[in-house]
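1. 3D model of this:
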Amino acid sequence: MPLVSELHIAIQKGSEPHEAWSWSLFINGPSMPKRTILHLSSCFTHFYLEHHHVSNYRSENLVEVLPLCEVDTLQINAIVDIARPIHNQCPRYNCQHYILELLSALEEARIVNGGDRRYRENRKAVEEMQGRTERISRV
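-> This is a model prediction of the structure:
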């Protein structure tokens with residue numbers, strides 16, 4: 001059985017009260033080099049990927065960490081490679097759009113099983129957070 005890592009979406013508050021929340025892909029691997037944060041940053045319409053290895057994911061602005069699914073740990077480098085090309089020059093493009101596009105690309109590459117019920121439910125919960133500036137109560 002392959003060693004697995006968990007994929008999560010980490011959601012952080014923006015610096016302004018009504019600013020849309022920032023999203024990152026958090027890969028919770030079995031050890032430090034495999035625990036990775038992928039985050040889209042920008043300067044106007046120039047986007048770049050921030051890629052950090054972390055011991056755990058903590059931030060004072062952290063709102064929530066939403067689980068997505070498990071992936072084969074051997075696929076982490078492929079996930080990072082798929083995350084690197086950023087082609088959008090639209091000023092309204094943001095990290096939330098990027099994360100949803102990245103998830104679709106991971107499904108296309110069959111790294112993530114897009115047909116898995118648990119993943120679909122978790123992805124839907126992430127999609128419902130798009131554009132939010134306050135927490136949704138989940139009942």
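
2. Run through who's touching the longest strand along the chain.
-> Criterion DSSP state E: the longest strand present in the chain is strand 62-72. Strand 62-72 has contacts (Cβ atoms under 8 Å, 6 or more residues apart in numbering) with 2-13, 21, 26-27, 57, 79, 103, 111-113, 116, 118-119, 122-123, 125-126, 129, 135. Placement of C-beta: from N, CA and C, glycine included.

3. how about the strands of this structure, start to end?
-> Under DSSP E, the chain gives strands at 4-12, 22-28, 36-43, 46-53, 62-72.

4. What's the per-residue pLDDT of the residue nearest in space to the middle of the chain here?
-> Geometric centre of the chain, nearest residue: L25, 2.3 Å, by Cα atoms, centre = their mean. Here, the pLDDT recorded for L25 equals 93.

5. I'd assumed L38 was in contact with it.
-> Yes: using Cβ atoms under 8 Å as the test, L25 is close enough to L38 to be in contact (4.4 Å).

6. by contact count, what packs against the longest helix seen in the chain?
-> If you go by DSSP state H, the chain has its longest helix at helix 95-108. With contacts taken as 3 or more Cβ pairs under 8 Å, 6 or more residues apart in numbering; DSSP states H and E, helix 95-108 sits against strand 22-28, strand 36-43, helix 76-83, helix 117-128.

7. Can you list the helices and strands that the first one packs against?
-> Spelled out, it's strand 22-28. Applying 3+ Cβ pairs under 8 Å, 6+ apart, one finds that strand 22-28 contacts strand 4-12, strand 36-43, helix 76-83, helix 95-108.

8. Quick one: residues in contact with it.
-> Against strand 22-28 from outside (Cβ under 8 Å, 6+ apart): 5-14, 34-39, 57, 61, 65, 71, 76, 79, 83, 95-96, 98-99, 102, 126, 129.
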